[in-house]
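sequence plus predicted model, see below.
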Amino acid sequence: MQRTDLAELGEFGLIERIKKNTETVQPSTIVGIGDDAAVIDSGSHYTLVATDMLVEGIHFDLSYTPLKHLGYKAVAVNISDIAAMNGFPKQITVSIGLSNRFSVEAVDEIYEGIHAACKNYKVDLVGGDTASSKSGLIISVTAIGEVPKEAVTYRKGAQPNDVLCATGDLGAAYFGLQILEREKQVFMENPNMRPELKEHEYLVGRQLRPEGRTDIIHELKERNVVPTSMIDISDGLASEILHLSQHSGMGFSVFVDNLPIENSTLLAAEEFKVNPITAVVNGGEDYELLMTISQKDYEEIKGIPEITPIGFVTKEKNNILVTKSGEHVQINAQGWKHLENS
């Protein structure tokens, strides 16, 4: 029997392979595999279902990740997927795999973070599972949300001349990770050294305790604006642009000058001698929203300070970065690729 390494497909190739061989038979299944969340017809509205798994040694390092923050993040990254469908989260389930090195008190800390996230996003923890693990800590969260049928937003749907927008700022989570990894190395070489994190509080916070942007979904609802397409920025801006391009069959032009970058991110880029645009385009884990807005609706949302226009949609399926000098650079995804180093 032929054996194909998972690294040959990568995460997205594997998802496409599973999707291709999966048949849906329930008429209530509107969208299955392939978007930020599954969409199920619940009569008066659509129910949204999203699942993410965080695995120790792959998605987090407990040498610098507080358990409370980890619990919060596990919820927030799923809330982000519900927001990316223009929906509102309602419930979550949490499944957790634990090795015998974890105490009851450690589990309490994880759930303290989970409960904090539930309170913040106004969602109910309604179930889950616990199991033993021989490979460290594993947390899997499923988020359940709702969206009016007329307001659901997919990765497909972008039209020529739509405005491409991003929420918040980008690249901070990448540098938060670089700082944490650097301080870990310093500590390993000299355990008497205290980590220097205070001046990088914002960047580290963006890595350890991100937020799902449900606030933006409320802003859009108040203005009766439905994006033509949307995705959350988890694997890097370039990767998400290519997803929107593939699903919509359109191209995107992105202006480097318009990318929203915090001053602390620019300072960290200088410190680490990394081009900040590289971090923004390929860094990932920002959990901001990337959306396309029709020209007629853009007037309604352009006053929202947390939404920045960064480009536009083109009929030609060509994805480019436009530099300050006017040079056109092809967009290629170089962000985090799961399964390659597993």
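Looks like it came in fine.

can we go C-alpha only for contacts and neighbour counts from here?
Fine.

OK, contacts around the residue nearest to Ser294 when sequence neighbours are not counted?
Excluding the flanking residues, the one nearest Ser294 by CA to CA, 6 or more residues apart in numbering is Asp162, at 4.6 Å. Neighbour list for Asp162: 292-295, 312-313 [criterion: CA atoms under 8 Å, 6 or more residues apart in numbering].

which one of the residues you listed is nearest to Val31?
When the contacts of Asp162 are ranked by distance to Val31 (CA to CA), Thr292 comes first, at 19.9 Å.

which residues of the stretch 1-150 of the chain fall in strands?
29-31, 38-41, 46-55, 88-98, 124-132, 138-147 (DSSP state E, counting those that start in this stretch).

who does the shortest one pair with, and is each partner parallel or antiparallel?
Strand pairing for strand 29-31, determined by DSSP bridges: strand 38-41 (antiparallel).

which residues does the strand it pairs with contact?
In contact with strand 38-41 (CA under 8 Å, 6+ apart) are residues 28-32, 46-50.

quick one: the strand or helix carrying Ser253 to chain centroid distance?
According to DSSP states H and E, Ser253 maps onto strand 251-255. For strand 251-255, the distance between its averaged C-alpha position and the chain's averaged C-alpha position is 20 Å (CA atoms, centre = their mean, to the nearest Å).

and the contacts of that strand?
Residues beyond strand 251-255 that count as contacts (CA under 8 Å, 6+ apart) turn out to be 164, 241, 245, 310-324.

circling back to that earlier point, filter the contacts of strand 38-41 down to just the buried residues.
32, 46-50 (16 or more other CA atoms under 10 Å).

turn the residues you listed into TSV, columns for pLDDT and distance to Lys221.
Formatted as TSV, the buried ones among the contacts of strand 38-41 follow (pLDDT from 0 to 100; distance: CA to CA, whole Å):
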residue	pLDDT	distance to Lys221
Gly32	87	25
Tyr46	98	16
Thr47	98	17
Leu48	98	17
Val49	98	20
Ala50	97	21
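
any chance of the residues you listed in JSON lines, plus distance to Ile217?
Listed next are the buried ones among the contacts of strand 38-41 as JSON lines, based on distance: CA to CA, whole Å:
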{"residue": "Gly32", "distance to Ile217": "22"}
{"residue": "Tyr46", "distance to Ile217": "16"}
{"residue": "Thr47", "distance to Ile217": "16"}
{"residue": "Leu48", "distance to Ile217": "14"}
{"residue": "Val49", "distance to Ile217": "17"}
{"residue": "Ala50", "distance to Ile217": "17"}
